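Engineer: Coordinates for the following, if possible.
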Amino acid sequence: MSRFPETRLETDRLVLRPFRAEDVPDLVEMFADKECATWLTVPQPYTFEHGLDWATRAAHELRETGDGIHWAVAERSTGRFVGAFGLEKTDWRVRAAVVGYSVTPARRGQGYATEALRAIAEWLLREQGFARLELRAATGNVASQRVARKAGFRREGLLRGAGITSAGRADLVVYGLTPADLDQLPLPARRFPEARLETARLVLRPLEEGDAPALRETLADADSAAWLTAPQPYTLELARDWVTAAAHELRQSGDGVHWAMVDRASGA
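Structural biologist: You can find the predicted model right below:
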């Protein structure tokens, strides 16, 4: 039977190690957070007993059965718990696995998720000889998708109705990473410059936070909903993420370039 060895990984700021009983209070606190409860399929409410079973039995048994491997992530300097990362649905014949992760509210926004995800990818695709690492996120889970893009994953498609969230069934966005992706030249060397274009009546400029309400109105329109793949309902939160982060990150990654189109005379 194929299975991963018990593995400890380290980055500049983080240690990825097996779970232990001391992690239980941090697990309970993390999974009680609204974001985790919304997008993850862990039991709710997540009790001390749930955390103890995961940290002392289930996470380790999943490695023994060959399903994958799971890590508790902690800061190297302080030992403080950062989050939970893991590989699952491992296909040993194809040499592919699916990664999942969650970060505590207090540690979000510090780049820890991207750092840990990249370390796992390097280990799996280079040291373990795997051909593919996959990540799946609900269309509305923009934070998880942002981490995937920053770690170098490429968006590959949409799995309709393939996921479950607290709100029910959801479409999943699929991201993939291969050894060839890791071997490529740094993407910033191959990207469009931030550009402003003008015609007699129009200005095409980078998207700004103030564009979010108009973008939400545009993509909530019946024609847009019918023909475009934007999540529905298209909320103001999704619009804000696009105009302040996602559209700009896609240019930085080399994927393309996106503009707001504005009437020169009125600014609309």
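Engineer: Tell me how many other residues crowd the closest residue in space to residue 191 that isn't next to it in sequence.
Structural biologist: Counting by CB to CB, 6 or more residues apart in numbering, residue 191 lies nearest to residue 254, which is 4.4 Å off, once chain neighbours are set aside. Glycine gets a C-beta too; all of them are placed from N, C-alpha and C. By the criterion of other CB atoms under 10 Å, residue 254 has 16 neighbours.
Engineer: and the gap between residue 254 and residue 126?
Structural biologist: Using CB to CB, to the nearest Å, one gets 22 Å for the distance from residue 254 to residue 126.
Engineer: same thing with residue 96?
Structural biologist: Distance of residue 96 to residue 126, computed by CB to CB: 15 Å.
Engineer: Which pLDDT value belongs to residue 192?
Structural biologist: Listed pLDDT for residue 192 reads 84.
Engineer: let's have the chain start at 36 instead
Structural biologist: Will do, 36 is the new start, and the previous item becomes residue 227.
Engineer: That one should be in a strand, yeah?
Structural biologist: No - under DSSP: H, G, I helix; E, B strand; the rest coil, residue 227 falls outside any strand and is assigned coil.
Engineer: Show the contacting residues for it.
Structural biologist: Residues counted as contacts of residue 227 (CB atoms under 8 Å, 6 or more residues apart in numbering) are 286, 291-292.
Engineer: Residue 152 too?
Structural biologist: Residue 152 is in contact with 120, 134, 136, 182-183, 186, counting by CB under 8 Å, 6+ apart.
Engineer: Can you say which two of those residues are spatially most distant?
Structural biologist: The largest separation in the contacts of residue 152, counting by CB to CB, is between 120 and 183 at 12.8 Å.
Engineer: Tell me which other helices or strands the helix or strand harbouring residue 208 touches.
Structural biologist: Element membership for residue 208, per DSSP states H and E: strand 203-212. Judged by 3 or more CB pairs under 8 Å, 6 or more residues apart in numbering; DSSP states H and E, the packing partners of strand 203-212 are strand 167-173, helix 177-185, strand 189-200.
Engineer: for the second one, what is the average pLDDT?
Structural biologist: Across helix 177-185, the average pLDDT comes to 93.
Engineer: what do you get for the shortest one?
Structural biologist: Per-residue pLDDT values across strand 167-173 average out to 97.
Engineer: relative to helix 177-185, how tilted is that strand?
Structural biologist: Compare the direction of strand 167-173 with that of helix 177-185 by axes from the mean of the first three to the mean of the last three CA atoms, to 10 degrees and you get 160 degrees.
Engineer: List the buried residues of stretch 153-164.
Structural biologist: 153-156, 158-160 (16 or more other CB atoms under 10 Å).
Engineer: Can I get those in a markdown table including pLDDT and distance to residue 254?
Structural biologist: Output for those, formatted as a markdown table (pLDDT from 0 to 100; distance: CB to CB, whole Å):
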| residue | pLDDT | distance to residue 254 |
| --- | --- | --- |
| 153 | 93 | 31 |
| 154 | 95 | 36 |
| 155 | 97 | 33 |
| 156 | 96 | 32 |
| 158 | 97 | 38 |
| 159 | 97 | 36 |
| 160 | 96 | 35 |
